[in-house]
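**Student:** I would like to see how this sequence folds:
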Amino acid sequence: MNAHTDLIDRYFDAWNETDGARRRELIAATWASDADYRDPLMAGSGHDGIDAMIRAVQERFAGHTFRRSTDVDGFGNRLRFSWELLTPAGDALVKGSDFGTVDAHGRLQTVTGFLDQVPAGA
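**Tutor:** Take a look at the predicted model:
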């Protein structure tokens, strides 16, 4: 497992963590303090903004989980990977691809997300 893969696996641990205190610990260990996340539907800046964004997704999709669906591809401080949002039954509801940059301390500086598959009418 490379450093980028370990980082992105922690990223998904944070997305799936429902305990607020533990999620904030994971965010602090994974994201730079001035990090920025953007996708077509939402955005979050800094640890508080990213935590609020994840909490909102968890409220909207209670019981759903995210998982990495590809290897993490990266070079230098840049990486990319794809993911799925799974229903409680294990079906992929949403699929996407994210691109990110890593700071000098090995934490995520930016993530830009793209939605590859969304449910009809969403």
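
**Student:** Below-threshold pLDDT in the protein: ranges please.
**Tutor:** For the chain, the stretches flagged by pLDDT under 70 are 1, 121-122.

**Student:** all helices for it, in order.
**Tutor:** Using DSSP state H, the helices of the chain run over residues 3-16, 20-30, 46-60.

**Student:** could you dump the ones you listed to JSON lines with mean neighbour count and distance to residue 67?
**Tutor:** Just so you know, the C-beta spots here come from the backbone N, C-alpha and C atoms, and that holds for glycine as well. Below are these laid out as JSON lines (neighbours: other CB atoms under 10 Å; distance: least, CB to CB, whole Å):
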{"stretch": "helix 3-16", "mean neighbour count": "18", "distance to residue 67": "6"}
{"stretch": "helix 20-30", "mean neighbour count": "16", "distance to residue 67": "16"}
{"stretch": "helix 46-60", "mean neighbour count": "16", "distance to residue 67": "14"}
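
**Student:** Throw those into CSV and include distance to residue 113, thanks.
**Tutor:** Below are the helices of the chain laid out as CSV (distance: least, CB to CB, whole Å):
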stretch, distance to residue 113
helix 3-16, 11
helix 20-30, 15
helix 46-60, 11
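
**Student:** Just tell me which of these ends up closest to residue 69.
**Tutor:** Residue 69 sits nearest to helix 3-16 of all the helices of the chain, at 10.5 Å, using CB to CB.
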